[in-house]
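Student: Sequence and predicted structure below; questions after.
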Amino acid sequence: MGLKSHTDTGVITVVLWEQAGGLQVKHGEAWLDATPSSGVLIVNIGNLLQVMSNGEYKSAEHRVLANPGPIPRLSVSVFYYPLVCDDQIGPIPELVSAEKLLLFNNSTLANTWKITSGHDIRGI
Ligand SMILES: O=C(O)CCC(=O)C(=O)O
Ligand SMILES: [Fe+2]
């Protein structure tokens, strides 16, 4: 199974992924292959961490190629994100300054999710 180009919506995603390739990360206009390695966990920065870090960390666009090679592909993703839609989320105050202006407004989790991912937190 492949996955179309996307950024992860939450705070971080931890991916356990072995042997078969297929994960690609966008760098400029190029798609770079992530190199599979046994026992390695991939930690993706999600859209909410980009907001919380006031843009210090970027949620990278990535995709997964279907059937990238002869080995069956198995990956396990765990998504970390807050659950209460009405909670406020925004840049951590220490990361906002005269040199590093506020890039995102404080808003509810549901609203921030919609702005950063383009769809409703309930998947609508
Ligand atoms: O399977 C992978 O290597 C990555 C999966 C992924 O991008 C995701 O679950 O959001
Ligand atoms: Fe992803």
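Tutor: Yep, it's here. Ligands and ions are numbered 1, 2, ... in the order given.
Student: wait, isn't Phe79 in contact with Gly10?
Tutor: Yes: between Phe79 and Gly10 a contact is recorded at 4.7 Å, counting by C-beta atoms under 8 Å. C-betas here are computed from N, CA, C, even on glycine.
Student: Tell me which of the two has more neighbours.
Tutor: For Phe79 versus Gly10, neighbours defined as other C-beta atoms under 10 Å are more numerous around Gly10 (19 against 14).
Student: The closest residue to Lys100 other than its chain neighbours and Leu41: what is the separation?
Tutor: The shortest distance from Lys100 to any residue other than its chain neighbours is 6.3 Å, reached at Asn54 (C-beta to C-beta, 6 or more residues apart in numbering). Distance of Asn54 to Leu41, given as C-beta to C-beta, to the nearest Å: 26 Å.
Student: re earlier: show me the common contact partners of Phe79 and Gly10, please.
Tutor: Jointly contacting Phe79 and Gly10 under the rule C-beta atoms under 8 Å, 6 or more residues apart in numbering are Gly46.
Student: Mind checking if the longest helix along the chain is in reach of ligand 1?
Tutor: Longest helix in the chain by number of residues (criterion: DSSP state H): helix 109-117. No: judged by C-beta under 6 Å from any ligand atom, helix 109-117 stays clear of ligand 1, getting no closer than 11.7 Å.
Student: what does that helix contact?
Tutor: 7, 9, 47-48, 50-51, 59, 82, 84-90, 104, 107, 120-121.
Student: Please convert the buried members of these into ChimeraX selection syntax.
Tutor: A single ChimeraX command selects the buried members of the contacts of helix 109-117 (16 or more other C-beta atoms under 10 Å):
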select :7,9,47,48,50,51,59,89,90,104,121
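Student: what helix or strand is the residue nearest to Lys100 on?
Tutor: Using DSSP states H and E, Asn54 is not contained in any helix or strand.
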